[in-house]
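[1] Sequence first, then the predicted structure, then my questions.
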Amino acid sequence: MQSKQAFRECAVFDSLSDADLDKVVSLSQPTELAAGVTLFTEGSPAKDIYVLEKGKIALQMQLPQVQPHLTRRITVDVMSKGELVGWSAVVEPYRYTFTAVCLEPCQLHAVDGAKLRTLLRDDHKVGYVVLSRLIRIVASRLDETRHVLISERLATSQ
């Protein structure tokens, strides 16, 4: 796997200098997972943030239980090459907000969340760039949620 190239293709890290990108890449470990594997689960401690180099990952959330012992999850988004999964590892309370399931074989880079947080805190330039890019992801998810909520409210009011 080409670690640095995978990070260069990720919008969160793509504007970092080569030297700064090397700092982030040094905190990562390449990982390969088969289709069907759960990368992390909703509510679990967020230890790593992942850069997806190859494959697709479904972000799913648990629906409220309608019947006892019957649980359901819905897919909220599908992530693919160059995208970041598990940003909760750098944002308090450091718990994953979704379950991530590999839809096909995946190659990704696991970045140690605690070490990345230390880098972002200690190197203000890297911290500003990465967190400003990361907030775009969070904002886009909130925007998508807002659109779904509006659509549902309009549908039920007609």
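    Received the coordinates, thanks.
[2] Show me which residues of the helix-or-strand element of the chain with minimal mean pLDDT are buried.
    Sorted by mean pLDDT, DSSP states H and E, the helices and strands of the chain end with helix 124-157, the least confident at a mean of 85. The neighbour-count check on helix 124-157 (16 or more other CB atoms under 10 Å) flags 126, 127, 129, 130, 133, 134, 141 as buried. Every residue, glycine included, has its C-beta placed from N, CA and C.
[3] Would you mind checking which of the residues you listed is nearest to residue 150?
    For the buried residues of helix 124-157, the residue nearest residue 150 by CB to CB is residue 141; the value is 15.2 Å.
[4] all strands of the protein, in order?
    Here the chain has its strands, by DSSP state E, at 28-33, 38-40, 48-54, 57-62, 73-79, 84-85, 99-102, 106-112.
[5] Show me where the protein dips below the pLDDT cut-off.
    Within the chain, the ranges that satisfy pLDDT under 70 run 1-2, 65-71, 158.
[6] Closest to the centroid, which residue in the chain?
    Central residue of the chain (CA atoms, centre = their mean): residue 85, 1.9 Å from the mean position.
[7] ok, what's across the strand from the residue lying closest to that one once chain neighbours are set aside?
    Closest residue to residue 85 apart from its sequence neighbours, by CB to CB, 6 or more residues apart in numbering: residue 50 at 4.4 Å. Beta-bridge pairing of residue 50 under DSSP bridges involves residue 85, residue 110.
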